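Enquirer: need the 3D shape of this:
(chains A, B, C and D)
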Number of protein chains: 2
Amino acid sequence: MSGVLHVLLHMAERREPATSEALAKSMNTNSAVIRRILAGLRDKGFVQSEKGHGGGWTLCCDLTKVSLLDIYAALGSPSLFAIGNRSGSPDCLVEQAVNSALDQAFHDAGHLLLARFSEVTLAMLSANVRNRNRSRSGTTRS
Amino acid sequence: MSGVLHVLLHMAERREPATSEALAKSMNTNSAVIRRILAGLRDKGFVQSEKGHGGGWTLCCDLTKVSLLDIYAALGSPSLFAIGNRSGSPDCLVEQAVNSALDQAFHDAGHLLLARFSEVTLAMLSANVRNRNRSRSGTTRS
DNA sequence: GCCTCATGTAACTTATGATATTACATGACT
DNA sequence: AGTCATGTAATATCATAAGTTACATGAGGC
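Expert: Below is the predicted model:
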């Protein structure tokens, strides 16, 4: 998730297509990893890829319309929590009671998290990046 | 977490000390694993251990006073979320912006989750287990 | 005292999933 | 044709959790 957003925002910073190679370099990772990540997003229509000379990846969505929730969904809605439910003995009453209690808590927290995700658009993040850029050059300038 | 609660509730079901061996069996795992888990809880004062004949583990806390949050804390407050923050390039403005946005969402959701944890006591879970037990034998009886 | 039972702990071994790497096929542009 | 870039499968590496083994320590029972 964090990585995907990182890639997308780097793409948003430059209007020209970015190669997997270049994106990989700015994230200290491998080009194949980038391709794998972006392949999923392309299928959902968030980015576009071109082969050959001058090719690479470009954003092809309205940044103001795409929220973190959309990205999360495009990633296949991976499980949010690190604390899983034990599922060794499904007919153990203790296990059922424990899991049902934890499930409720996780359900509520998960909903809130996704709600927060839906409130943040890529455009907001992009603006945030530009702000940071401005304040950084601002401190050195004055 | 789920595993720890499982163990604790099994201990709550029986008044006599339970051996690691017995607990391990009811969870399909190894006695050393149980000992490792419970050793931490003993240091926090939730359980007690006795060696030798008739020894084993016993709960030594008021179930109505101990919440899931207490157990979670006793476990060392492990990270809640599966989606981590990328930390490859700390001075990358994009990474900063992304992480700060995600952090906020995770922070809120984490708080809610812990709040839910604090609302559930071991006694509640134990009562829940007994309820399930009753309704199960109820269905077979009538 | 000696034997057995049980915890206490360290060392080691899987198992699993995420990430990274390599390699090569395909398509596009010059 | 040659180069650049994606597409994708196969493989490898790494980190972490879980399980296993082994043995030391202490507490009864006889």
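Enquirer: and A:F81, backbone torsions?
Expert: Taking degrees, to the nearest 10, you get phi -110, psi 150 for the backbone angles of A:F81.
Enquirer: again with the one 3 residues further on
Expert: In terms of degrees, to the nearest 10, the main-chain angles of A:G84 are phi -90, psi 170.
Enquirer: equivalent analysis for A:R116, please.
Expert: With angles defined as degrees, to the nearest 10, A:R116 sits at phi -60, psi -40.
Enquirer: who touches it in this structure?
Expert: Residues near A:R116 by Cβ atoms under 8 Å, 6 or more residues apart in numbering or on different chains: A:68, B:104-105, B:108-109. The way it works is simple: take the backbone N, C-alpha and C, and place the C-beta from them, glycine included.
Enquirer: could you look up the SS state of the closest residue to A:V94 other than its chain neighbours?
Expert: Distance criterion Cβ to Cβ, 6 or more residues apart in numbering or on different chains; nearest residue to A:V94, sequence neighbours excluded, is B:L9 at 4.6 Å. Three-state assignment for B:L9 (DSSP: H, G, I helix; E, B strand; the rest coil): helix.
Enquirer: roughly how far apart are B:L9 and B:S79?
Expert: From B:L9 over to B:S79 the distance is 24 Å, taken as Cβ to Cβ, to the nearest Å.
Enquirer: neighbour count winner among the two?
Expert: B:L9 (22 against 11; other Cβ atoms under 10 Å in any protein chain shown).
Enquirer: how much space separates that one from B:M27?
Expert: Taking Cβ to Cβ, one finds B:L9 at 11 Å from B:M27.
Enquirer: before we move on, the earlier item: which of the contacts of A:R116 lies closest to DNA strand C?
Expert: Distances from DNA strand C to those, taken as Cβ to the nearest atom of the strand, are shortest for A:L68 (16.7 Å).
Enquirer: relative to B:E119, how far out is the nearest residue to the closest one once chain neighbours are set aside?
Expert: With Cβ to Cβ, 6+ apart as the criterion, A:L68 has its nearest non-adjacent residue at 4.0 Å, and that residue is A:F117. Separation of A:F117 from B:E119 (Cβ to Cβ): 25 Å.
Enquirer: quote the end-to-end distance of stretch A:39-48.
Expert: Taking Cα to Cα, to the nearest Å, the first and last residues of stretch A:39-48 lie 9 Å apart.
Enquirer: check contacts around the residue nearest to A:L68.
Expert: With the criterion set at Cβ under 8 Å, 6+ apart, A:F117 makes contact with A:67-69, A:72, B:105.
Enquirer: what's the pLDDT at it?
Expert: pLDDT recorded at A:F117 is 96.
Enquirer: same deal with A:G3?
Expert: We have a pLDDT of 88 for A:G3.
Enquirer: correct me if wrong: it contacts B:G84.
Expert: No - applying Cβ atoms under 8 Å as the test, A:G3 and B:G84 come out as separate, 9.6 Å apart.
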